[in-house]
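> Here is the input, now give the coordinates:
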Amino acid sequence: MPKKSKSSSKSVKVSFSLNDLEKVLFTKDDANEMEQRLVNRIESVRRESQGGLEAVENRLSAKMEKGNSELKKDINDPNKHLTDLLKRYIDSHEQTTLSSN
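Residues are numbered from 1 along each chain as shown. Take a look at the predicted model:
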């Protein structure tokens, strides 16, 4: 059976100067000020996040509106896609004809 080791406790004398303690301790006013700064920082981050979210929503709305207007154009001209393809084919054919001359 393993033997239990006895823990030895040593006393350590620690001394602080009043100046050292003043650096560590803070008052209730200090705590309130730190709390207020933390609350302000949280609110600031929340506002920044909200602004970023609104910017993303605005960009998506703009893209949706643009997409909807393009869809409306396509509905008004069902052959638009074919017309665009034909124009691109003619343009590329003209470019190859011009470059070969």
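> Please make it C-alpha for all contacts and neighbour counts, starting now.
Fine.
> Now do the same for residue 24: its pLDDT.
Residue 24 is assigned a predicted lDDT (pLDDT) of 68.
> What's the first helix or strand after the lowest-mean-pLDDT helix or strand in the chain?
Here the helix or strand of the chain ranked lowest by mean pLDDT, DSSP states H and E is helix 18-24, holding a mean of 71. The helix or strand immediately downstream of helix 18-24 is helix 28-76, counting by DSSP states H and E.
> Now that next one: average pLDDT?
Mean predicted confidence for helix 28-76 is 84.
> residues near residue 88, how many?
Around residue 88 there are 12 other residues, counting by other CA atoms under 10 Å.
> OK, contacts around it?
Taking CA atoms under 8 Å, 6 or more residues apart in numbering, we find residue 88 in contact with no residue.
> could you say which helix or strand contains it?
helix 80-100.
> now that helix, how far from the chain's geometric center?
Distance of helix 80-100 from its chain centroid, counting by CA atoms, centre = their mean, to the nearest Å, is 43 Å.
> and the angle from it to helix 28-76?
For helix 80-100 against helix 28-76, the angle by axes from the mean of the first three to the mean of the last three CA atoms, to 10 degrees is 80 degrees.
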